[in-house]
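S.K.: no sequence on hand, only this structure:
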């Protein structure tokens, strides 16, 4: 079974400080991992993905994520947080189960990021 | 065009009403999805269409009826809903290739009164 876990419901950080939003995964086979962000009353916006290749993935709005196979983690990071980064962040993994060709996404429970001025 | 467009943005309906949610994409994606999302929770998969055929129904009550009239359109027909069905309904699409991300619409905020 494919799953991701986001251990923190809430992350608070001061503007200008680095931020990390944590995600760990459990998959059979190679993981296809994604980060999405959701602003209030809006849909999900894609930030970045890891499929293969470099462990450090760069994405939209200055975000990056580090894939760590030994720790089965895919933490989202940003060197300097902005107030406008305050939103709900979801980690997701694609279903790569044999016979599943639709690649359905399994989401973590979400982490609310608050950046204060 | 990398957008998934959902209409309406907001909908209030009574428990005896019939209404429809609409979703449209012009990216040539052949997989389309309906998700239901409660506040501060992750999206829950409801239906998946692949090449205009229903591929996955996540045991959704029959008061929700999906329809995919063509490769660009996805509808969700609503009838006799309950107040607990109030939620944000999200449409998404993706190419069949699993390496690519899914694109989400802005959602329809549904309130059942």
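M.R.: Cool, got the structure. What you see is a predicted model, and the numbers here were worked out from it, not measured in a lab.
S.K.: relative to residue A:64, how far out is residue A:27?
M.R.: In this view, residue A:27 and residue A:64 are 21 Å apart by Cβ to Cβ, to the nearest Å. Every residue, glycine included, has its C-beta placed from N, CA and C.
S.K.: and the two? which has more neighbours close in?
M.R.: Counted by other Cβ atoms under 10 Å in any protein chain shown, residue A:27 and residue A:64 do not tie: residue A:27 has more neighbours, with 19 against 16.
S.K.: helix or strand, whichever it is, which one in the chain has the lowest mean pLDDT?
M.R.: By default, I'm working from chain A. Every helix and strand in chain A was compared by mean pLDDT, DSSP states H and E; the lowest is strand A:105-107, with a mean of 90.
S.K.: not what I meant, chain B
M.R.: Ranked by mean pLDDT, DSSP H and E, the weakest helix or strand in chain B is strand B:53-57, scoring a mean of 91.
S.K.: which helices and strands does the first helix or strand past that strand going along the chain pack with?
M.R.: Downstream of strand B:53-57, the next assigned helix or strand under DSSP states H and E is strand B:64-70. Counting contacts by 3 or more Cβ pairs under 8 Å, 6 or more residues apart in numbering or on different chains; DSSP states H and E, strand B:64-70 packs against strand B:44-50, strand B:53-57, strand B:73-79.
S.K.: save the ones you listed as JSON lines, and put in mean neighbour count too.
M.R.: JSON lines is the format used below for the helices and strands packed on strand B:64-70 (neighbours: other Cβ atoms under 10 Å in any protein chain shown):
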{"stretch": "strand B:44-50", "mean neighbour count": "19"}
{"stretch": "strand B:53-57", "mean neighbour count": "13"}
{"stretch": "strand B:73-79", "mean neighbour count": "19"}
